[in-house]
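Participant: Sharing a model that was predicted from the sequence below.
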Amino acid sequence: MVKIYKICSASAWREVEGSGMYRGSADDKRDGFIHFSTATQVAETARKHFAGQQDLLLIAVNADALGTALRWERSRNDELFPHLYAELSLEAVSAVHEMPMRSDGSHAIPELEP
C-alpha cells in the first residue's frame, strides 16, 4: 500500500472531520487538484511552502484508495508528485500526525511510511 501525504492547517482539518471530505486549500483550488507529497518529498514541501506556519498536520493517505483521480505529475526538481483531481474522502486517510514548529520555523516531521 503506497502512502502519500498532505500538509494542512489543524483548523482546516477540523472542518474536514465535520464534513467527511477535504476539498483542498486555496492553492489546491487555484491549481485544480489537491497537492500531495511522497514520504521523501514531505520535508522539502514543508520547508518551501509552510515554513513559519503553526498548527500544521500531516495527513497520511492510502494512494491506492484514490483510484484514477490520482495522477503522478512532474513538478519541483522534475520529480513526480501525486495530484488528486477530486475531493479527498476521509475513508482514504490512514493517519493524522502533528507537525510541531521548531524555534527556527521548520517543522518536526514524523517517521513516515513510503
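Facilitator: The structure has been received and is ready for your questions. Numbering: from 1, shown residues only.
Participant: and the residue of the chain most remote from its centre, what does it touch?
Facilitator: Using CA atoms, centre = their mean, the residue of the chain lying farthest from its centre is S103. It sits 22.6 Å away. Neighbour list for S103: empty [criterion: CB atoms under 8 Å, 6 or more residues apart in numbering]. Backbone N, C-alpha and C define where each C-beta goes, glycine included.
Participant: What helix or strand is it located in?
Facilitator: Using DSSP states H and E, S103 sits in no helix or strand.
Participant: gap between it and G52?
Facilitator: Counting by CB to CB, to the nearest Å, the gap from S103 to G52 is 11 Å.
Participant: Give me the spatial nearest neighbour of A69, chain neighbours excluded.
Facilitator: Nearest-residue entry for A69: A86, 3.7 Å, with adjacent residues in sequence omitted and distances by CB to CB, 6 or more residues apart in numbering.
Participant: Could you look up the SS state of the one you found?
Facilitator: Using DSSP: H, G, I helix; E, B strand; the rest coil, the structure places A86 in coil.
Participant: again, but for W13
Facilitator: Assignment for W13 (three-state DSSP): helix.
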